[in-house]
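> what would the 3D arrangement of this be:
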Amino acid sequence: MEGGGRRGQSSQNSSLKRLARAIVEWEDFTILATDTDMTGTTATGDPALQTAGAAIRPDAPPIAQPNAESSLKAVSPLQAEKPTRAAGGPGTIALLVSAIVHTLLLIVLALLSYHVGSAGRLHLDARRGPASADVTFESAIEEHDSSTSTAMSLAEQMETVTIAPAEPSMVSSPLENHANAEKTTDSTEVRTAISASASSQSLSRRLPSGGGLGGRTPTGRTRLGQKYGATAESEQAVERALAWLANHQRRDGSWSFNLELDPCNGRCSHSREPGDTPTPSTAATGLALLAFLGAGYTQHEGKYDKVVKDGLYYLRDVATESEFGLDWQQGSMYGHGIALLALAEALSMSRREGFEDGDTDLRYLTDRGVRFTERAQHYFSGSWGYVPGSPGDTTLTGWQVLSLVAARRSKVTVYQKTFSDAHRFLLEMAPKGEFEFGYRMPKPEPTTTAIGLTLMLYLGHSPYEAPMEESLSKLAKRGPLPNNIYHNYYGTLALHHSRHHGWNEWNRKLRDSLVKTQATVGHEAGSWHFKDHFGDVGGRLYTTAMAAMILEVYYRYMPLYEEIEDFPL
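Numbers count the residues shown, from 1 in each chain. Below you'll find the model as predicted:
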């Protein structure tokens, strides 16, 4: 309908234009036909006379008129001396005809101006098809004077603003990101795209500033132990466990899950069971060092200074230099994560007068280890697997996150995106709206839920959030699990850091159970072993280190969500 109207209007305009041209031509012809020369004969179509006839009509529109200079040159002396015509003669008739013609011409031009310049209404043209490169919007200028704006043309009332089309903000699932990556040949571009997408989903909360190591001093052990539930018996159990660990350190400064090796030579039962699961000595060494550091023993002070120093030297010597940093895997990212956690805590505890940034070599090792951890994270899921860059699970991810948190505590740079991606992975391991976590899918299990709760607290979730509070209460109600030291270790951290109201009951049961079950005779004196999956893989050394850290929890970490007095390192 609108297109037909436009074609009709265009046809009408063309007709009016043709009429105007015909009137002008007819006018010129009439003037020439009625004008006479000095002999009294009718003028012919001489070019000079035509030009002169045009020149004596200053009111005529300049339709194909030569310039003034050429017109004056075209006028002959005879024409300039032409006598005045008598009134009522042919000249008078020509003037009347000219007036009529000009009047008609003005009317036609007015009609043309009306149809071309005016617009009775605004039209919106739309079409189907691909979007253009730019989108043009027209915005009306604000009308300050109504009388002035009424007289303004449409072009004067509108200004054109060109805006490039914005890409919609999309939140894609890891599977969608993976599909997009298959279309991209440059892995750097894939990483950049994922980084940009994930940045829009980054943690809006700040990581908690608590959880420091200020309680790992003789004074801290006494005061915080009394405050949070240690007993004289539990402290004695810690010291016996550390003595057992010191006696099982190897000559090169390492520890091994395989107690068939020296110095134990099989005198303790329940060594690690043979199997395909890697049990790197870097993980065994890291766990043992964490137990010593948790009680305040460092490479600089305490009766186990040489033990700790030799263990740190071992980790330094076996570090593998890679393109992306230092690697302590020895076949599994468990080895890397646990070793890095020990190094990061040793760095934090090495800060002292004159060494405010800690030991230089430990800072270098920690920083290079963090770079490897960040690179080993799975791009799409945000987890860590047994092999760098592979999809992982909650248990492996737990050690990596804890090591990065420890490094960050010592002001080693850790990219926020690394934490954000790990946080996203953990949320995907829980049913929507819940903080009950699974291993590699949202199928909650007690052990992985305890791990997930601990990590969520470290990643900034308040224990007073409804899902967190509900899950912590379930954990406390369930209580420590017999023989599951892994579950009990992470459950202890979660309830201690949150200062949950179920802490006292949980602590009493677990603390007293560990004191009672610790070996007291023979070469095993001071150690533990519980028959379960993780206990079988790591054996007695793994169980002993984990149990010792549980009994150190009162002062090993300051609570994440409680303001208490700091103790100097």
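> burial check on Thr544, number of neighbours?
For Thr544, the number of neighbouring residues by other C-beta atoms under 10 Å comes to 29. Every C-beta, even on glycine, is put in place using the N, C-alpha and C of the backbone.
> so it: helix, strand or coil?
Secondary structure for Thr544, judged by DSSP: H, G, I helix; E, B strand; the rest coil, is helix.
> do you know how far it is from Ala519?
To Ala519, Thr544 is 9 Å away according to C-beta to C-beta, to the nearest Å.
> give me the common contacts of the two.
Overlap of the contact sets of Thr544 and Ala519 (by C-beta atoms under 8 Å, 6 or more residues apart in numbering) consists of 526-529.
> so which pair among these is furthest apart in space?
Set against one another by C-beta to C-beta, the shared contacts of Thr544 and Ala519 have their most distant pair in Gly526 and His529, with a gap of 11.9 Å.
> find the residues that touch each one of these two.
Overlap of the contact sets of Gly526 and His529 (by C-beta under 8 Å, 6+ apart) consists of 519, 544.
> what strand or helix carries Leu472?
For Leu472, the host element (DSSP states H and E) is helix 466-478.
> which strands and helices lie in contact with that helix?
Under the contact criterion of 3 or more C-beta pairs under 8 Å, 6 or more residues apart in numbering; DSSP states H and E, the helices and strands touching helix 466-478 comprise helix 446-458, helix 485-498, helix 503-517.
> residues in contact with the residue nearest to Pro446 when sequence neighbours are not counted?
Leaving out its chain neighbours, the residue that sits closest to Pro446 by C-beta to C-beta, 6 or more residues apart in numbering is His487, at 5.5 Å. Under the criterion of C-beta under 8 Å, 6+ apart, the neighbours of His487 are 446-447, 450, 480-481.
> now do His487, the pLDDT please.
His487 carries a pLDDT score of 98 in this model.
> state the distance from it to Lys443.
When His487 is compared with Lys443 (using C-beta to C-beta), they lie 16 Å apart.
> likewise Leu457?
Plainly put, Leu457 is 22 Å away from Lys443 if you go by C-beta to C-beta.
> and the two? which has more neighbours close in?
It is Leu457, of Leu457 and Lys443, that has more neighbours when counted by other C-beta under 10 Å, with 24 against 13.
> surely that one meets Tyr561?
Yes. Using C-beta atoms under 8 Å, Leu457 is in contact with Tyr561, at 7.3 Å.
> pLDDT weak spots in the protein?
For the chain, residues meeting the criterion pLDDT under 70 lie at 1-95, 97, 108-211, 276, 563-569.
> how does it divide up, domain by domain?
As assigned by automatic domain parsing, the chain contains the domains 2-78+89-115, 194-556.
> of these, flag the one that's most buried.
The highest average neighbour count among the domains of the chain, using mean count of other C-beta atoms under 10 Å, belongs to domain 194-556 at a mean of 20.
> got the CA positions of stretch 553-564 in PDB?
Written as PDB, here are the backbone C-alpha positions of stretch 553-564 (Å, rounded to 0.1, in the frame of the first residue of the first chain):
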ATOM      1  CA  VAL A 553      43.300 -27.600  64.100                       C
ATOM      2  CA  TYR A 554      42.700 -25.400  67.100                       C
ATOM      3  CA  TYR A 555      45.800 -23.300  66.400                       C
ATOM      4  CA  ARG A 556      46.900 -24.500  63.000                       C
ATOM      5  CA  TYR A 557      44.500 -22.000  61.200                       C
ATOM      6  CA  MET A 558      42.800 -19.000  62.600                       C
ATOM      7  CA  PRO A 559      39.100 -19.300  62.000                       C
ATOM      8  CA  LEU A 560      38.000 -17.700  58.700                       C
ATOM      9  CA  TYR A 561      34.800 -16.200  60.200                       C
ATOM     10  CA  GLU A 562      35.700 -15.100  63.700                       C
ATOM     11  CA  GLU A 563      37.600 -12.100  64.800                       C
ATOM     12  CA  ILE A 564      40.200 -13.200  67.300                       C
END
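> need the contact partners of that stretch.
In this structure, residues lying in contact with stretch 553-564 by C-beta under 8 Å, 6+ apart are 208, 210-216, 220-221, 224-225, 227-230, 294-296, 457-458, 462-463, 492-493, 496-499, 549, 566.
> going by residue numbers, what spans are strands in this structure?
135-140, 158-163, 320-322, 325-327 (DSSP state E).
> hmm, who's touching the last one?
In other words, strand 325-327. Contacts made with strand 325-327 from outside it, assessed by C-beta under 8 Å, 6+ apart, are listed as 319-321, 336, 365, 368-373, 375.
> repeat that for 10 Å
For strand 325-327, the surrounding residues in contact (C-beta atoms under 10 Å, 6 or more residues apart in numbering) are 282, 315-316, 318-321, 333, 335-336, 339-340, 343, 364-376, 388.
> and Ala237, what does it touch?
Residues touching Ala237, when contacts are defined by C-beta under 10 Å, 6+ apart, comprise 231, 511, 514-518, 526, 528, 547-548, 551.
> same list (those) but as a markdown table, adding distance to Thr277.
Putting those into a markdown table (distance: C-beta to C-beta, whole Å) gives the following:
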| residue | distance to Thr277 |
| --- | --- |
| Thr231 | 36 |
| Arg511 | 30 |
| Leu514 | 25 |
| Val515 | 30 |
| Lys516 | 30 |
| Thr517 | 25 |
| Gln518 | 26 |
| Gly526 | 26 |
| Trp528 | 20 |
| Ala547 | 21 |
| Ala548 | 23 |
| Leu551 | 27 |
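> and the residues you listed, which is closest to Tyr415?
Closest to Tyr415, out of all of these and judged by C-beta to C-beta, is Ala548, at 32.6 Å.
> mind checking how far the closest one is from Glu235?
Ala548 sits at a distance of 11 Å from Glu235 (criterion: C-beta to C-beta).
> joint contacts of these two?
Between them, Ala548 and Glu235 have Ala295 as joint contacts when contacts are counted by C-beta under 10 Å, 6+ apart.
> distance of the closest residue in space to Thr277 that isn't next to it in sequence from Gly275?
Taking C-beta to C-beta, 6+ apart, and ignoring the residues beside it in sequence, Thr277 has Val537 as its nearest neighbour in space, at 5.3 Å. For Val537, the distance to Gly275 under the criterion C-beta to C-beta works out to 7 Å.
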